[in-house]
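Undergrad: One predicted model, sequence on top.
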Amino acid sequence: AQSVTQPDIHITVSEGASLELRCNYSYGATPYLFWYVQSPGQGLQLLLKYFSGDTLVQGIKGFEAEFKRSQSSFNLRKPSVHWSDAAEYFCAVGAHGGQNFVFGPGTRLSVLP
Amino acid sequence: NAGVTQTPKFQVLKTGQSMTLQCAQDMNHNSMYWYRQDPGMGLRLIYYSASEGTTDKGEVPNGYNVSRLNKREFSLRLESAAPSQTSVYFCASSLAGGGGYNGQFFGPGTRLTVL
């Protein structure tokens, strides 16, 4: 079965600074990997996904993530953070055809003006 | 295209009352899910439906029942609400079981308080 860890519970960055949120997964085969964002009081919105091909994937809102098989990682990055990026971010791993779609515990991002 | 819709948005119940949370999707997805989200506990799967006519238990099914009414609709019922069921409930759907390579798509949530 899959598992996901997000080592950072809470990260604070200044507006305009770069951001990297870490995600590590455990899965025997090639995983399907996802990042979601949840703004306060809202549902989860899909930011980006990886299932094959180019290991650097682009998503919405200027986010990108890089799949590194050797490190079992799928870290989320953004070159310049905006105050509206303050939210909770969830990494998830899925497997096609199975019912296991596992979410990480989430990383809460705070943005200083 | 509304995506995944949930009703109601907010609900307050007394202990022992029953209610049904409604969920519908218009993306022609095959699989649907109910999660609960609690502080410090992340998202936990209550029940899922891999396809129309099938339902299965997730991680925390006790105290809940579900009905996959048709391909579009998946309801969650609390027969006798307890304070431990105070939570935010999310419905999600996916084209393929588990999410496949498109992932799961979420509704806006129902905030339930049980007094």
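TA: Now that the structure is in, tell me what you want to look at.
Undergrad: Around chain A, pick out the residues from chain B.
TA: By C-beta under 8 Å from any C-beta of the partner chain, the residues of chain B that approach chain A are B:4, B:31, B:33, B:42-43, B:48, B:50, B:56, B:90, B:92, B:94, B:96-109. Heads up, the C-betas are built off the backbone N, CA and C, glycines and all.
Undergrad: Burial check on the residue nearest to B:Ala50 when sequence neighbours are not counted, number of neighbours?
TA: If the residues on either side of it in the chain are set aside, B:Ala50 comes closest to B:Gly97, at 4.8 Å by C-beta to C-beta, 6 or more residues apart in numbering or on different chains. Other residues near B:Gly97 number 21, with proximity taken as other C-beta atoms under 10 Å in any protein chain shown.
Undergrad: quick one on the thing from earlier: would you mind listing which of the residues of chain B next to chain A are buried?
TA: Buried positions within the residues of chain B next to chain A, assessed by neighbour count (16 or more other C-beta atoms under 10 Å in any protein chain shown), are B:4, B:31, B:33, B:42-43, B:48, B:50, B:90, B:92, B:94, B:96-109.
Undergrad: In strands only, show me these.
TA: Among those, the members falling in strands (DSSP state E) are B:4, B:31, B:33, B:42-43, B:48, B:90, B:92, B:94, B:105-106.
Undergrad: Which one of those residues is nearest to B:Glu79?
TA: B:Tyr48 (19.2 Å; C-beta to C-beta).
Undergrad: so what's the closest one scoring on pLDDT?
TA: Reading off the per-residue confidence, B:Tyr48 sits at a pLDDT of 93.
Undergrad: where does chain B have low pLDDT?
TA: For chain B, the stretches with pLDDT under 70 are B:98.
Undergrad: Enumerate every residue touching the residue most central in space within it.
TA: Nearest residue to the geometric centre of chain B (C-alpha atoms, centre = their mean): B:Trp34, 2.6 Å. Each residue near B:Trp34 by C-beta atoms under 8 Å, 6 or more residues apart in numbering or on different chains is listed here: B:21, B:23, B:45-48, B:58, B:64, B:66, B:74, B:76, B:89-92.
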